[in-house]
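> sequence-free structure coming up:
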């Protein structure tokens, strides 16, 4: 956690420390506070964006690309951090056909991408008011330089001054990742990944490092095959300045060995959204007494094996972003990438055994690809047990939990399924886990639940579907 007040302000230090200890204890104990009902007819089944403690719902026409939509926003309150709860609405009628919405609550930032012949425009707005964001050095809207027949694929990702999107061409193999500076309205860099089989997810490790998961094999899966995955990290720091050359350093490819257990035709890797912001909160965003350190982030990937008829999550990887940044700092690249195939291969043995947690999840069914990661916490949901599990990978909180909570289990876990040749590879990243039963009124309706993790709350939504319309949401916070 970081103190939200200036270092010269000494007033209330004891009180803020007490609230900080209470805040940590509240996460460790996790007691349900009750249910609140939010009714908004014709909204979507899930929030279109979550950042920090702010949830955004798109309300209006059942087709979210129409022009008569309304953005409904909720800020989750936190008494211990001194953050008030609030809700507000932003009309979207003046923007046009929406393709994508991304928010960063800490920067009071709302990015709206819309179709504009012959390409796409990016509108940069203040999340609190809907007006042009005060930090931009342009008119508030700029052309992204991409458009038909190219299409946006995946969700936009914001990190400080940058936003990244995945772009696909319908007749070409693979995809391209494009990074813009939303303050300047300029394109920073275009990245064409080294591997063809690329998913639609990307994530930032920090403001100048972008991670893209992909496969290193184009062949089908076979039982026992060592079907490796790679997490490719691109450093575009030399391109981040307005007048710098548009170059990318030789990328690092962090390998993950994961044998296939079934004869199935595809494997998909998705990055789970981390709802914590990369930035410290600035006005008018409520800063509270303290806030999470933006550098404390866990990266969660979900690996799904399946075919056209059936798909099942087969593994999950959790690793702090510091694992990758520390390795690259200790082994700096020596050259700029001159070819699409240039790369620095990092075997699992060099980073995974001490810096990651790779587990099979055959006995833990999850709802696929939901925002269940925030900061250093990961939400799991063994629905058959009618409960939720929160794993905390923050090393300081893990150390403090030892001896404080008899129910907490700190593990240095390893999976017997992780093999390279004939040798067993152990993952030793420690975490503390807490399993929490769902409220009694929700245990019998678990099929209609969606769960989200944000900065100050664990939210469980019960949704009621009437045709294709989403009627109401029950939110449980602690």
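Nice, thanks for sending it over. All values derive from a computational prediction rather than experimental measurement. Numbering: from 1, shown residues only.

> ranges for the helices of this structure?
For the chain, applying DSSP state H gives helices covering 13-29, 321-330, 348-355, 395-401, 440-443.

> need the ones you listed in a markdown table (columns: mean pLDDT).
A markdown table is the format used below for those (pLDDT from 0 to 100):
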| stretch | mean pLDDT |
| --- | --- |
| helix 13-29 | 84 |
| helix 321-330 | 94 |
| helix 348-355 | 92 |
| helix 395-401 | 86 |
| helix 440-443 | 74 |
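
> residue 228 is nearest to which of these?
helix 348-355 (8.6 Å; C-beta to C-beta). Every residue, glycine included, has its C-beta placed from N, CA and C.

> helices and strands around that closest one, which ones?
Counting contacts by 3 or more C-beta pairs under 8 Å, 6 or more residues apart in numbering; DSSP states H and E, helix 348-355 packs against strand 252-256, strand 311-320, helix 321-330.

> does residue 350 touch residue 328 like I think?
No - Residue 350 is beyond contact range of residue 328, at 11.6 Å (criterion: C-beta atoms under 8 Å).

> more neighbours, these two?
Each of residue 350 and residue 328 has its neighbours counted (other C-beta atoms under 10 Å); residue 328 has more, 20 against 14.

> which of the helices and strands packed on helix 348-355 is buried the deepest?
Most buried of these, by mean neighbour count (mean count of other C-beta atoms under 10 Å): strand 252-256, with a mean of 22.

> where's the residue lying closest to residue 389 once chain neighbours are set aside relative to residue 444, distance?
Nearest non-adjacent residue to residue 389, counting by C-beta to C-beta, 6 or more residues apart in numbering: residue 380, 4.0 Å away. To residue 444, residue 380 is 21 Å away according to C-beta to C-beta, to the nearest Å.

> more crowded one of the two?
residue 380 (18 against 9).

> and the gap between the more buried one and residue 431?
For residue 380, the distance to residue 431 equals 11 Å [C-beta to C-beta].

> shared neighbours of these two, anything?
Residues touching both residue 380 and residue 431 by C-beta atoms under 8 Å, 6 or more residues apart in numbering: residue 391.

> tell me which residues touch the spatially closest residue to residue 379 that is not a sequence neighbour, please.
Excluding its sequence neighbours, the residue lying closest to residue 379 (C-beta to C-beta, 6+ apart) is residue 372, at 3.8 Å. Under the criterion of C-beta under 8 Å, 6+ apart, the neighbours of residue 372 are 272, 300, 366, 378, 379, 380, 381, 451, 452, 453.

> do you know how far residue 372 is from residue 344?
31 Å.

> also residue 122?
From residue 122 to residue 344 the distance is 32 Å (C-beta to C-beta).

> tell me, how many residues neighbour residue 26?
16.

> right, I mislabeled it, should have said residue 355
Residue 355: 18 neighbours (other C-beta under 10 Å).

> ok, it - contacts?
Contacts of residue 355 (C-beta under 8 Å, 6+ apart): 319, 320, 323, 326, 327, 429.
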